[in-house]
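1. Mind folding the following:
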Amino acid sequence: VTGTDTSAGGPCVAVDCEMVGGGPSGSISMLARCSIVNHHGNVLYDSYVRPLDRVTDYRTVYSGVRPQDLKDAPDFWTVQKEVAELIKGKILVGHSLKHDLKALLLSHPKRDIRDTALYKPFRKSSSMGRTPSLKKLATELLHISIQEQEHDSVVDARAVMKLYTMNKREWEASLKATTTTRTSFRKKQGSVICKTRNQPQGVATATATTIRHKFYQNREQQCRLDLRDRDTCNVT
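-> Residues are numbered from 1 along each chain as shown. Below is the predicted model:
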């Protein structure tokens, strides 16, 4: 499964990756397949990947990857470059994207990430728990079954894109509202700091003079009391 179609990328793309295991116990996740779809669910990219290290666990029951799939697959660096070019400047949709980006050794601007595992309305759904699985989201919100046996990165990428497009208006509105609130708060903070720093010199001087006046006034009263007590003692 190898292919690239960049003719209809659109403003957003969804990515999903399948991993195999490396290391003595197969616990090190390595990229073995990467799929990207556009906002219509059309496949823009789908390729197996020759991992950077020797595979010790193909995790076929979950990844759907077999030894023969990787035999003539392009090397990791080729796939990484092609994927980087496809997602550059795009809104990137996915589920637990940090794992996919880590496997790809790529980063993406936080403002352009739409993660269905982190979207609050999905997380607040009572039957899904704190971090909903993509399988549960697909079942309960899309009413489709995925990941029943081996995973398919194209199917999963289409599922996350569908979840995003169905909730796009509310999702983007919530992000805009959050950004506006943060900007307003920062402006208010800046205004307070500027007012403090740029306080008119006359006001500062007047305040200092008032403080000094009160200090000397209190000191003068104390001295008078001391003198009175001393005179009282002398008379006695």
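
2. what about the helices in this structure?
-> Secondary structure of the chain, counting by DSSP state H: helices at 60-63, 67-70, 76-87, 97-104, 120-123, 134-137, 153-166, 168-197, 201-235.

3. so how many other residues sit close to Arg169?
-> 9 (other CB atoms under 10 Å). Heads up, the C-betas are built off the backbone N, CA and C, glycines and all.

4. And it, how far from His99?
-> Distance of Arg169 to His99, computed by CB to CB, to the nearest Å: 28 Å.

5. Tell me where the model's unsure across the chain.
-> In the predicted model, the chain carries pLDDT under 70 at residues 1-9, 125-129, 180-236.

6. Swap in 50 and give it another go.
-> 6-7, 126, 192-194, 196, 202-211, 223, 227, 230, 232-236 (pLDDT under 50).

7. Show the contacting residues for the nearest residue to Ser63 once chain neighbours are set aside.
-> Once flanking residues are discounted, Ser63 sits nearest to Glu18: 4.3 Å by CB to CB, 6 or more residues apart in numbering. Residues in contact with Glu18 (CB atoms under 8 Å, 6 or more residues apart in numbering) are 32-34, 62-65, 151, 153.

8. Of those residues, keep whichever come out buried.
-> 32-34, 63-65, 151, 153 (16 or more other CB atoms under 10 Å).

9. Looking at these, spot the one nearest Val83.
-> Val83 lies nearest to Cys34 out of the buried ones among the contacts of Glu18, by CB to CB, at 5.8 Å.

10. Please determine how far the nearest residue to the closest one once chain neighbours are set aside is located from Phe122.
-> Excluding the flanking residues, the one nearest Cys34 by CB to CB, 6+ apart is Cys17, at 4.9 Å. Going from Cys17 to Phe122 by CB to CB gives 20 Å.

11. Please say which of the two ends up with more neighbours.
-> Cys17 (26 against 21).

12. Pretty sure that one sits against Leu31.
-> Yes - using CB atoms under 8 Å, Cys17 is in contact with Leu31, at 5.8 Å.

13. Contacts for stretch 116-126 next, please.
-> So stretch 116-126 is contacted by 93-97, 128, 130-132, 134, 137, 140-141, 160, 163-164, 167, 170-171, 174 (CB under 8 Å, 6+ apart).

14. Lys90 contacts Val13, correct?
-> Yes - Lys90 lies in contact with Val13 (CB under 8 Å); the separation is 5.0 Å.

15. neighbour count winner among these two?
-> Val13 (22 against 19).

16. Who are the contact partners of the more buried one?
-> So Val13 contacts 36-39, 44, 86-87, 90-93 (CB under 8 Å, 6+ apart).

17. is it in a bridge, and if so with what?
-> When bridges are called by DSSP bridges, Val13 pairs up with Asn38, Leu92.

18. Thank you kindly, that will do.
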